[in-house]
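[1] output the structure for:
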Amino acid sequence: MSVVTVTQSNFQSEVMNAGEPVLIDFWASWCGPCRMMSPVVDEIAEETSGVKVCKVNVDEEPELAREFGVMSIPTLVVIKNGETVKKTLGVQPKETVLRMLEA
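    All right, here's what the predicted structure looks like:
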């Protein structure tokens, strides 16, 4: 499955109403660590079934970043059934992100 770009306008339908766990990558184009994390997130989107992978550009969607308490990027958040179940900051190995999705 491809990565979904999430905005304030599609957040409810893409994330809160998703029938599967959702991984959200909060990022910005100027962020070096975000550029390092992006290929990992893209791989997970392509290789992992039963998970929706989304990205939120914090410069374009500051309200969403604020709602999730994003203070530094990249921040990864896992949402299941409309609830935040996991959150991590900084560059993470692929295995760590996959483990977040299992919980």
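
[2] in the protein, which spans are helices?
    Secondary structure of the chain (DSSP state H): helices located at 11, 32-47, 62-67, 94-102.

[3] tell me the most buried of these?
    With neighbours taken as mean count of other Cβ atoms under 10 Å, the helices of the chain reach their highest mean count in helix 11, at a mean of 18. For the C-beta atoms, the positions are set from N, CA and C on the backbone; glycine is no exception.

[4] which stretches of this structure have low pLDDT?
    Scanning the chain for pLDDT under 70 picks out 103.

[5] spatially speaking, which residue is in the middle of it?
    Centroid check for the chain by Cα atoms, centre = their mean gives Ile24 as the closest residue, at 1.3 Å.

[6] hang on, that residue packs against Lys55?
    Yes: Ile24 is in contact with Lys55 according to Cβ atoms under 8 Å; the separation is 7.3 Å.

[7] now for these two: what residues contact both?
    Both Ile24 and Lys55 are in contact with Val6, where contact means Cβ atoms under 8 Å, 6 or more residues apart in numbering.

[8] hang on, the earlier thing: quick one: closest of the helices of the chain to Thr84.
    Minimum separation from Thr84 across those (Cβ to Cβ) falls at helix 62-67, 10.1 Å.

[9] extract the C-alpha trace of that closest one and format it as PDB.
    Taking Å, rounded to 0.1, in the frame of the first residue of the first chain, the C-alpha atoms of helix 62-67 are listed here in PDB:
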ATOM      1  CA  PRO A  62       0.900  22.600  12.500                       C
ATOM      2  CA  GLU A  63      -2.500  21.900  14.100                       C
ATOM      3  CA  LEU A  64      -2.100  18.200  13.700                       C
ATOM      4  CA  ALA A  65       1.400  18.300  15.100                       C
ATOM      5  CA  ARG A  66       0.100  20.300  18.100                       C
ATOM      6  CA  GLU A  67      -2.700  17.900  18.700                       C
END
